[in-house]
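Engineer: Return atomic coordinates for the entry below.
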Amino acid sequence: MSIFKKLFGGSDKSDQNSENKKYDLEKLLSSDDINGSIIELDNYIGDVCSYGDEMDKLTEQQTQFYHNQCLEREINNGGFNQYFFNSSGDFAHKTVQSLQTIGANKTADILQKAIDQFPNSNVPEDRTERQEILEQIQETADVVWEDLDQKFFSYEDDLNMLNIEFVRKNRDKF
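Structural biologist: Have a look, this model is predicted:
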């Protein structure tokens, strides 16, 4: 233990190992605060992948969890327009699949209807290309997306519970 840590407390990154992370995960999974656990897991995974810039650092299950959280963050902050405008929109098609994987089929259908506003239901992964298309379709798409935002906010799928159950079933991948 470093002298700084002895004097001032806090954690030393070199003290953390996979057992500590597993213990932290188990603590999060057993917490009664599911929303808090989801947020903490999302922050951890976001940090690992540099918030989407280094997705190859994640397991397939972490990637699916991350895609689901990106969707929820963006919709809650600014709706589907913001989701597609920002980097989270890079993963739109993959997010439909990740939602289906956790059993959030109603939410996956909502996202697919939002995707369907793009020509040929194709959301480009390239953000610049996607933003150019957004400029062209925004006026008519926004009308549909505003309705879909409201459907999303009804949370017919309990996304927190479905995501935490997914993590529990795949804890060895987190």
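Engineer: helix or strand for the residue lying closest to A108 once chain neighbours are set aside, which one?
Structural biologist: Excluding its sequence neighbours, the residue lying closest to A108 (C-beta to C-beta, 6 or more residues apart in numbering) is L99, at 3.9 Å. From N, CA and C alone the C-beta is placed, and that goes for glycine too. Taking DSSP states H and E as the definition, one finds L99 inside helix 92-102.
Engineer: gap between E74 and R168?
Structural biologist: In this view, E74 and R168 are 25 Å apart by C-beta to C-beta, to the nearest Å.
Engineer: so where is the chain shaky, pLDDT-wise?
Structural biologist: The model of the chain has pLDDT under 70 over residues 1-23.
Engineer: go again using 90 as the cut-off
Structural biologist: 1-24 (pLDDT under 90).
Engineer: Please name the nearest non-neighbouring residue to the one residue sitting closest to the centre of it.
Structural biologist: When C-alpha atoms, centre = their mean is applied to the chain, the residue found nearest the centroid is Q69 (2.0 Å). Closest residue to Q69 apart from its sequence neighbours, by C-beta to C-beta, 6+ apart: D42 at 4.3 Å.
Engineer: count of residues packed around the residue nearest to A108?
Structural biologist: Counted by other C-beta atoms under 10 Å, the residues lying close to L99 total 26.
Engineer: so what's it up against?
Structural biologist: L99 makes contact with 68, 71, 105, 107-108, 111, 157 under the criterion C-beta atoms under 8 Å, 6 or more residues apart in numbering.
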